[in-house]
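Trainee: Pasting the sequence and the predicted coordinates here, then a few questions.
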Amino acid sequence: MTFKIEHKDKGSSARAGIITTAHGDIKTPIFMPVGTQGTVKGVHQQELHDVVNAQIILGNTYHLYLRPGTDILQKAGGLHKFINWDKPILTDSGGYQVYSLKGMRKITEEGVKFQSHIDGSRHFFSPESVMDVQRIIGADIVMAFDECTPYPCEFKYARNSMHMTHRWLVRCINRMNNTDPVYGYQQTFSPIVQGSTFPDLRKESAEFIADQGQDMNAIGGLSVGEPHEDMYAMTELVCGILPQDKPRYLMGVGLPENILESIALGIDMFDCVLPSRNARHGILYTKNGLINIKNVKWRDDFSPVDAESNAPTSRVHTKAYLRHLFKVEELLAAQIATLHNLSFFLWLVGESRRKIAEGTFYEWKNEMVKSVSQRL
């Protein structure tokens, strides 16, 4: 993988670049739709390609390991072929999913014993086994196995967890260095900075991760309930330490205002389930603010869902029609809403990229944060 910075904003730390992978280029800053189980819910791959204009999507190691399983994925020739997606894929290591199985997992130095949320069957993840699974999945970018600490979190726990994550990281790197790609193309490995909301821990972790010399780096353990101000403070601190010439990925952060503020701090990559999950509940994101399409105020509003959206469905269908679909519980409601939200998020990062190139991102960002944060 290579990363080339093409433009830098004049008023902030925002930058626009291109990540080159075996399955194509990714223009940054970028938002990555989440396809946890081999699909972005409610959206066909052709729509992701032609309508949403997604440049990269996510899969999740935990879920794909359980279903369909590594044997099926390897027989299929990897996740790209299994789901018929020829653009880049990133796989989360499953650390966050295992962390969320409170009461169903036990974390030790060796790894994590856990029970499946599906049938209660018992399994074990180690840094080595998670790298092996991600080799078989075949993603272009694979993530380190880490522990995501909860918020709030005591300093002692956060420190011990961070140090274990660092020890796991060394094991992940050794496994990647001592194994070969399964499908003949290179996979990029990314460490993850942890440390909760403690500045000294974040600094120590960022320095340790930077010293590993990997081709990209990620920031984890944020957007887990902490105030936005703390998230921005930790992100700014870490971005000041991680290498300038490597992509930076802020994991799980996905409100439009969070994305804009984090781009200004120097983040290149984002993912979140919110645009697709909230779409299924009738929550729409627009450049003018948030819409709950189920509200009665949209009952006889025959204007387009969003006349300026990338998605043709948003320009063609009216708010009144989409509200009707939700009220009668038609599957098409979630499909249209998901296409709209994902298209808006891709528009948002694409417009950010354009403003960075113009050198006007910071001023535009300040206005957009006000606009996208309001409820309509």
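Mentor: Okay, I see it.
Trainee: how far is the longest helix belonging to the chain from where the chain is centred?
Mentor: Longest helix of the chain, by residue count under DSSP state H: helix 331-358. Computed by C-alpha atoms, centre = their mean, to the nearest Å, the chain-centroid distance of helix 331-358 equals 14 Å.
Trainee: going forward, begin numbering at 53 instead of 1
Mentor: Okay, residue one is now 53; in that scheme the one you just asked about reads as helix 383-410.
Trainee: Show the subsequent helix or strand relative to it.
Mentor: helix 413-425 (DSSP states H and E).
Trainee: would you put the C-alpha positions of that following helix in PDB?
Mentor: The C-alpha trace of helix 413-425 is given here as PDB (Å, rounded to 0.1, in the frame of the first residue of the first chain):
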ATOM      1  CA  PHE A 413     -11.800  23.700   4.100                       C
ATOM      2  CA  TYR A 414     -11.500  25.300   7.600                       C
ATOM      3  CA  GLU A 415     -14.000  28.100   7.000                       C
ATOM      4  CA  TRP A 416     -16.400  25.700   5.200                       C
ATOM      5  CA  LYS A 417     -16.100  23.100   7.900                       C
ATOM      6  CA  ASN A 418     -17.100  25.600  10.600                       C
ATOM      7  CA  GLU A 419     -20.300  26.500   8.700                       C
ATOM      8  CA  MET A 420     -21.100  22.900   7.900                       C
ATOM      9  CA  VAL A 421     -20.800  21.700  11.500                       C
ATOM     10  CA  LYS A 422     -23.500  24.200  12.500                       C
ATOM     11  CA  SER A 423     -25.700  23.100   9.600                       C
ATOM     12  CA  VAL A 424     -25.400  19.300   9.900                       C
ATOM     13  CA  SER A 425     -25.800  19.300  13.700                       C
END
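Trainee: That helix to helix 383-410, inter-axis angle?
Mentor: Inter-element angle recorded for helix 413-425 and helix 383-410: 160 degrees (by axes from the mean of the first three to the mean of the last three C-alpha atoms, to 10 degrees).
Trainee: Now do helix 413-425: which elements does it pack against?
Mentor: helix 308-317, strand 341-344, helix 383-410 (3 or more C-beta pairs under 8 Å, 6 or more residues apart in numbering; DSSP states H and E). For the C-beta atoms, the positions are set from N, CA and C on the backbone; glycine is no exception.
Trainee: ok and the longest one relative to helix 308-317, angle-wise?
Mentor: The reference is to helix 383-410. Going by the same axes, to 10 degrees, helix 383-410 is angled at 20 degrees with respect to helix 308-317.
Trainee: As a check, name the ranges of all strands in the stretch 203-352 of the chain.
Mentor: Remark: strands assigned in the stretch 203-352 of the chain by DSSP state E, counting those that start in this stretch are 240-242, 244-245, 269-271, 300-302, 321-323, 335-338, 341-344.
Trainee: Nearest to Arg211 among the ones you listed would be which one?
Mentor: Closest of the strands of the stretch 203-352 of the chain to Arg211 is strand 244-245, at 13.9 Å (criterion: C-beta to C-beta).
Trainee: How about the contacts made by the residue of the chain positioned farthest from its centre?
Mentor: Most distant from the centre of the chain: Asp352, at 35.9 Å, with distances by C-alpha atoms, centre = their mean. Each residue near Asp352 by C-beta atoms under 8 Å, 6 or more residues apart in numbering is listed here: Ala372.
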